[in-house]
Every structure is written in structure tokens, then in C-alpha cells.
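From the sequence below, what's the structure:
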Amino acid sequence: MNNLSLLIYLAGVTGSIGSFLVFVAVVFGFGVAVCGIVWVVSLDATNFRTVEYANHVKTHSWRWLWAFLALMIFTGSVSALVPSRQTVLLIAGSEMGERVLNHPRFNQVVDPGLELVTTWMQKETAEIRRSMEPAKKQ
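Presented below is the predicted three-dimensional model:
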């Protein structure tokens, strides 16, 4: 992967990582609120529940919270780091361009062409300089 491809990838992924972090913050806050509500409700173990059941609910609510958080971070990271279709096409174009530029046959064609363009530019520049010189008085 060349430098241009790496920059294209980072540019394509940067926006999705920011969105993912906001999503994680919102969902994690919601999960903490739900676990807090479950914990507060389970504190009242005198009505229909036993103390053992309340402890069981508290323990499992936190386990589910951490399991959900781990799953969310894993899937979100994968989805944020997978580039979009446009980014993949740009990377492919960059890689193909590098292969073309490094191919020996390309240099056989371009080197004579560069010499012709350089010669033509020198000739045109000389003509422009001559035309810009003030006319000599005779």
C-alpha cells in the first residue's frame, strides 16, 4: 500500500470513527441508565422477591452491560474501520497508478516524450523572449 492509498484510507475512515464514538457514548449512557434502574428496582426485595434474587439481578445486569458494551465496541470498530465503496475505488486507482508509473514500458514511452516537450518549451520560450525585446532603433 503506497502513501497515497494510506492517506485515502485514513480520510475515508476518519468521519465514520467520529460518528461511532458518539454512538458508543449515547448507547453506553443508555445502558448505564437501564442497569441503574434495574439495580434500584432490585433493591426493593421485600415485596415479591427474595434478597438472593435481587443480588442475582444486580450481578447479571452488570454482566449484560459489559457484554453488550464489548460487543458494541467490537462491531462498531469493525464497521468504522471498513472503508466505503468510494474509498476502496480511490485506493485501487492509486495502486494502479503506481503500478503504471513504475512499469519499465511506461518509462520507454515517457522519456522520449519528455525530451520532445522540453525541447519545444525551450524553443517557444526563446521565441517569446525575442518578441518581448524592444525593437532596436536603426
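
Which parts of this structure are helices?
3-43, 51-81, 85-102, 104-132 (DSSP state H).

ok, of the ones you listed, where does mean pLDDT dip lowest?
Looking at the helices of the chain, the lowest mean pLDDT belongs to helix 51-81 (a mean of 75).

My guess is residue 77 contacts residue 20. True?
Yes - if you go by Cβ atoms under 8 Å, residue 77 and residue 20 touch, sitting 7.4 Å apart. Where C-beta positions appear, they are placed from N, C-alpha and C, glycine not excepted.

Neighbour count for those two, which is higher?
residue 20 (20 against 13; other Cβ atoms under 10 Å).

contacting residues for the more buried one?
Contacts for residue 20 (Cβ atoms under 8 Å, 6 or more residues apart in numbering) come out as 76, 77, 79, 80.

among these, which ones are buried?
Among those, those scoring as buried are 76, 80 (criterion: 16 or more other Cβ atoms under 10 Å).

Could you identify the most distant pair in the contacts of residue 20?
Using Cβ to Cβ, the pair of the contacts of residue 20 lying farthest apart is 77 and 79, separated by 7.5 Å.
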